[in-house]
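**Student:** Fold the following for me, if possible:
(2 chains)
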Amino acid sequence: MIKSISRRRALVAGGATLALGGIGWSQIGRAYAQGDVKDGGRLKGVLRFTGAAPAEDSVSISKDSHICGVGEVNPNPLTIGADGALKDGVVALRKVEAGKPWPAAMTQPKIDQKRCLFEPFVQVAPKGAELTIVNHDPLLHNIHTYEQIGRARRTLFNIAQPMAGQTDIAPLKVRRGFVVEIDCDAHNWMSAWIYTADHPYVAATDADGLFDITDVPPGNHELVMWHPILGEVTREITLAAGETLDLSLDMKA
Amino acid sequence: MKLASLLFTGLALIFAALVQFALTKHAVAQYVSPDPQALAHGQELYARECSACHGAEGEGDGPGAKYLSQRPRNLTLGVFKIRSTPTGEFPTAQDLFDSITHGLAGSNGAQMPSFASLSEADRWALVEVVRTFAWMDKEGAPVTVPPRPETVNLELGRQVYERLQCAACHGDEGDGDGASSLTLKDDDRRRIFAASLVSGSYKGGDAPEEVWTRFYTGLDGSPMPSYAGRASHEELWALTEYLLTLRAEAGASQEEKQ
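**Tutor:** Numbers count the residues shown, from 1 in each chain, chains lettered A, B, ... in the order given. Reported below is the predicted structural model:
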């Protein structure tokens, strides 16, 4: 439904946009060129949380207890495993202009609403990807996505799903930022995140804090670490042809 | 001669490189108005009529902004509540023109004044300014409002209101006091309440087609979601009639009291 009516009429005379380098907002930056990667390297390792844990946020489940349960939840939990392993972190390269094609599995992001919680909490997706949204609960959820731009946020879309089994597909039309925040206005403790990228050199860490990014074009890269409540940290890395870098990365509160 | 032209080409190349750099840095191109004259005129009007609230650069941070409970829209973010287009889409130029003409006054407070006193040409010039701030290089495609049926089925309307759970935010009686209304936030992370459906005015107009369009496309930038495709045309029209009656009845009992 939402998808089929997303066609847009061009409003600007082609000449005017061309004069500015031919970039409309819908084609932000330079397009990523997909192809073979020669002498690709590999970035793998573990992301850890170090230091004192920040104060826990807690929201009481104040309605729809027959489905949502009772008690308190932390909408944005810091999930730390053995040895400080940080789950739900994202490791990404900031800018890659040419590289491997997007693996099909990464191009179909999906989010489920079950017992008034989103699943998964953090995932990665291409900018502009079509997000599949499923409501499994027999009550109203409204999936409300926002693009974060600095401290501001802008609604990307907001769709009501009043019935169980409802499925929608809607695009993540991120303009300038990377982080997509998701909430449900009807249940203020529901929270999820999608880190969007122009290229497939991006991964969410698992319960052991592990990530593995392959076929990386050799050279200097800016490496980004991100987590919903810890924010963003960047550092420079250099990858030689065919090299495997085994990284131990840290994030603090 | 030759040297001069070489120098000129060199400068032109450097300039082009700078523009390219600026573009990739900001990652997005500024929208270019198809009518530069209207835009220039609009910018003068904007400085005089709008910047006190919306800020010189359209970022919603003018000196008057702090006196308003809802923040004047940060126009550079390109998100608009009053749209005839699906959620996530840009509004049409006509939508922007209508918002400037009528302002936005709802139960969350009368905040965006009407500019109906300006000439039509002036208001269209202001649309150009808004589109430029918002990098709005395209218009959204409007949804089609199905024709209003002649028969009114209020009981069906009430059932649809229940089934679509409007009450979660708007409350059983439409007073805007649903269980979720207490925890709503807008894009600026400010408190916002579900609109009262019985009193106060609608931000997007009172015409039946306008009310239909509001819940069909949602009010982007607020928690009000889009209900596109969530019920049949017949049901959504019955819901609209129900909403219109809620207000008419509340209005009538208000008058009786006076």
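**Student:** got the residues of the stretch 151-258 of chain B near chain A?
**Tutor:** Residues of the stretch 151-258 of chain B found near chain A (CB under 8 Å from any CB of the partner chain) are B:163-165, B:168-169, B:179-180, B:183-185, B:187, B:189, B:218, B:220-221, B:223-230. Bear in mind the C-beta positions are built from the backbone N, C-alpha and C, glycine included.
**Student:** Show me these that map onto helices.
**Tutor:** Cross-referencing these against helices under DSSP state H gives B:163, B:168-169.
**Student:** Can you show me the strands along the stretch 1-150 of chain A?
**Tutor:** A:9-10, A:33-34, A:41-49, A:59-60, A:72-73, A:90-93, A:98-99, A:110-114, A:117-119, A:122-126, A:130-135, A:141-149 (DSSP state E, counting those that start in this stretch).
**Student:** which of these sits most buried?
**Tutor:** When you average the neighbours per residue for each of the strands of the stretch 1-150 of chain A (mean count of other CB atoms under 10 Å in any protein chain shown), strand A:90-93 leads with a mean of 26.
**Student:** Dump the C-alpha coordinates for that strand into CSV.
**Tutor:** Extracted in CSV, the C-alpha atoms of strand A:90-93 (Å, rounded to 0.1, in the frame of the first residue of the first chain):
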residue,chain,number,x,y,z
VAL,A,90,27.6,-1.6,15.2
VAL,A,91,31.0,-1.7,13.5
ALA,A,92,31.2,0.0,10.1
LEU,A,93,33.5,1.8,7.7
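**Student:** now check it, is it near chain B?
**Tutor:** No. Strand A:90-93 is not in contact with chain B by CB under 8 Å from any CB; minimum separation 16.0 Å.
**Student:** any idea which element A:Glu181 lies in?
**Tutor:** Taking DSSP states H and E as the criterion, A:Glu181 maps to strand A:179-184.
**Student:** does any part of that strand sit near chain B?
**Tutor:** No. Residues of strand A:179-184 are not located near chain B by CB under 8 Å from any CB, the shortest gap being 8.6 Å.
**Student:** Give the partner strands of that strand in its sheet and their orientations.
**Tutor:** strand A:141-149 (antiparallel), strand A:187-197 (antiparallel) (DSSP bridges).
**Student:** Out of the strands of the stretch 1-150 of chain A, point me to the one whose mean pLDDT is lowest.
**Tutor:** Mean pLDDT values for the strands of the stretch 1-150 of chain A show the minimum at strand A:9-10, a mean of 27.
**Student:** contacting residues for A:Asn135?
**Tutor:** A:113, A:141, A:161, A:163-167 (CB atoms under 8 Å, 6 or more residues apart in numbering or on different chains).
**Student:** Please tell me how far the closest residue in space to A:Leu249 that isn't next to it in sequence sits from B:Leu246.
**Tutor:** Excluding the flanking residues, the one nearest A:Leu249 by CB to CB, 6 or more residues apart in numbering or on different chains is A:Leu47, at 4.8 Å. Going from A:Leu47 to B:Leu246 by CB to CB, to the nearest Å gives 53 Å.
**Student:** So which residues on the stretch 101-250 of chain A come close to chain B?
**Tutor:** Proximity of the stretch 101-250 of chain A to chain B, by CB under 8 Å from any CB, involves residues A:139-140, A:142, A:144, A:146, A:149, A:152-160, A:162, A:170-171, A:173, A:175-176, A:185-188.
**Student:** and the angle from whichever helix or strand A:Phe157 is part of to strand A:130-135?
**Tutor:** Using DSSP H and E, the element containing A:Phe157 is strand A:152-161. Between strand A:152-161 and strand A:130-135, the angle comes out at 50 degrees (axes from the mean of the first three to the mean of the last three CA atoms, to 10 degrees).
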